[in-house]
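Visitor: Quick check, what structure comes out for this input:
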Amino acid sequence: MLKAVLFDMDGVLVDSMPGHAKAWVKAAHDVGFSLTEQEVYINEGRTGDGTINILMQRERGRDATADEVKEIYSIKSHYYNLEPEPPVIEGAAEMLRSVQEAGLKCILVTGSGEKAQLARLEKHFPGVFTRETMVTSFDVCHCKPHPEPYLMGLRKAGVEADEAIVVENAPLGVQAAVAAGIFTVAVNTGPLPESALSEAGAGIILPSVKAFPEFLNTFIHKQ
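Guide: The predicted model follows:
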């Protein structure tokens, strides 16, 4: 029986990926790395540390030091904070409301470490998430596509994998959820083709977040 829904944040609840993509490209350029916005979308879901290590391995053939991670992520955060405040994804509030009205737990599972963005969740979705119902980059050793973030989400919800579903928009996030044994709903809110989500293992792909409440109602009544 379904007891919880685990949500990614960027691209599922908040339309923040365009700002993240621009900030990552600018930060990479500042330190002499090449990076495209398309690559940022492909790597969406990784922690900042994970993204920086991939860049460092590609550009210099080694992992980044702790000081390098701190420096590069600080530059990226600076550029991101210069971007306009990202809007809520259309239909996100209604999606969360449908989950709450069904008596299900809402858990956030994000690779983000942007404190300002996390703090805005209460403004956008008051009373839905607390620190105890969030898994962020501060909580895990392994980022998506490793299953650890979603396994931790299950623990925070106090449920088993077959008692939850995940809502994701990124291939790496889908891979992480599937690796954790959770049925995964993909909402295609970004520039990547649907095939990237299906190949990652999504159980179903919805055309938008607005389609989720109807899906949830059907899913519950089929149980």
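Visitor: Going by neighbour count, list what's buried in the least confident helix or strand in the chain by mean pLDDT.
Guide: Least confident helix or strand of the chain, by mean pLDDT, DSSP states H and E, is helix 115-124 with a mean of 86. By 16 or more other CB atoms under 10 Å, the buried positions in helix 115-124 come out as 117-118, 120-121, 124. All C-beta atoms are positioned from the backbone trio N, CA, C, and that covers glycine.
Visitor: Name the member of these with the shortest distance to Phe33.
Guide: Relative to Phe33, the closest of those is Gln117; by CB to CB it sits at 23.2 Å.
Visitor: that older thread, greatest separation within the buried residues of helix 115-124: which pair is it?
Guide: Farthest-apart pair in the buried residues of helix 115-124 is Leu118 and His124; separation 11.0 Å (CB to CB).
Visitor: ok, and for the top helix by length along the chain, which residues are buried?
Guide: Ranked by residue count and defined by DSSP state H, the top helix of the chain is helix 66-82. Within helix 66-82, the residues that count as buried by 16+ other CB under 10 Å are 68-69, 71-73, 75-77, 79-80.
Visitor: From those, pick the one nearest Ser208.
Guide: For these, the closest approach to Ser208 (CB to CB) belongs to Tyr80, at 24.7 Å.
Visitor: Can you name the residues bridging to Val14?
Guide: Asp10, Val88 (DSSP bridges).
Visitor: Quick one: residues contacting Gly50.
Guide: Applying CB atoms under 8 Å, 6 or more residues apart in numbering to Gly50 gives the contacts 43, 111, 143.
Visitor: Buried only: go through the residues you listed for me.
Guide: 43, 111, 143.
Visitor: Export the residues you listed to a markdown table and append columns for secondary structure.
Guide: As requested, the buried ones among the contacts of Gly50 are arranged in a markdown table below (DSSP: H, G, I helix; E, B strand; the rest coil):
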| residue | secondary structure |
| --- | --- |
| Asn43 | coil |
| Gly111 | coil |
| Cys143 | coil |
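Visitor: Could you pull up phi and psi at the residue nearest to Ala179 when sequence neighbours are not counted?
Guide: Once flanking residues are discounted, Ala179 sits nearest to Pro147: 3.9 Å by CB to CB, 6 or more residues apart in numbering. Taking degrees, to the nearest 10, you get phi -70, psi -10 for the backbone angles of Pro147.
Visitor: burial count for the nearest residue to His142 once chain neighbours are set aside?
Guide: Nearest residue to His142 in three dimensions, chain neighbours excluded: Glu148, at 4.3 Å (CB to CB, 6+ apart). Using other CB atoms under 10 Å, Glu148 has 17 other residues around it.
Visitor: quick revisit: can you redo the buried residues of helix 115-124 as CSV with distance to Leu55?
Guide: Output for the buried residues of helix 115-124, formatted as CSV (distance: CB to CB, whole Å):
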residue, distance to Leu55
Gln117, 21
Leu118, 23
Arg120, 27
Leu121, 28
His124, 30
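Visitor: so where do the helices sit in this protein?
Guide: Ranges of helices in the chain, per DSSP H, are 17-30, 37-42, 48-60, 66-82, 92-101, 115-124, 148-157, 171-179, 194-200, 212-222.
Visitor: Outside of the fifth one itself, list whatever touches it.
Guide: If I follow you right, that is helix 92-101. Defining contact as CB under 8 Å, 6+ apart, one finds that helix 92-101 is touched by 5, 7, 12-14, 106, 124-125, 128, 167, 209-210, 212-213, 216-217.
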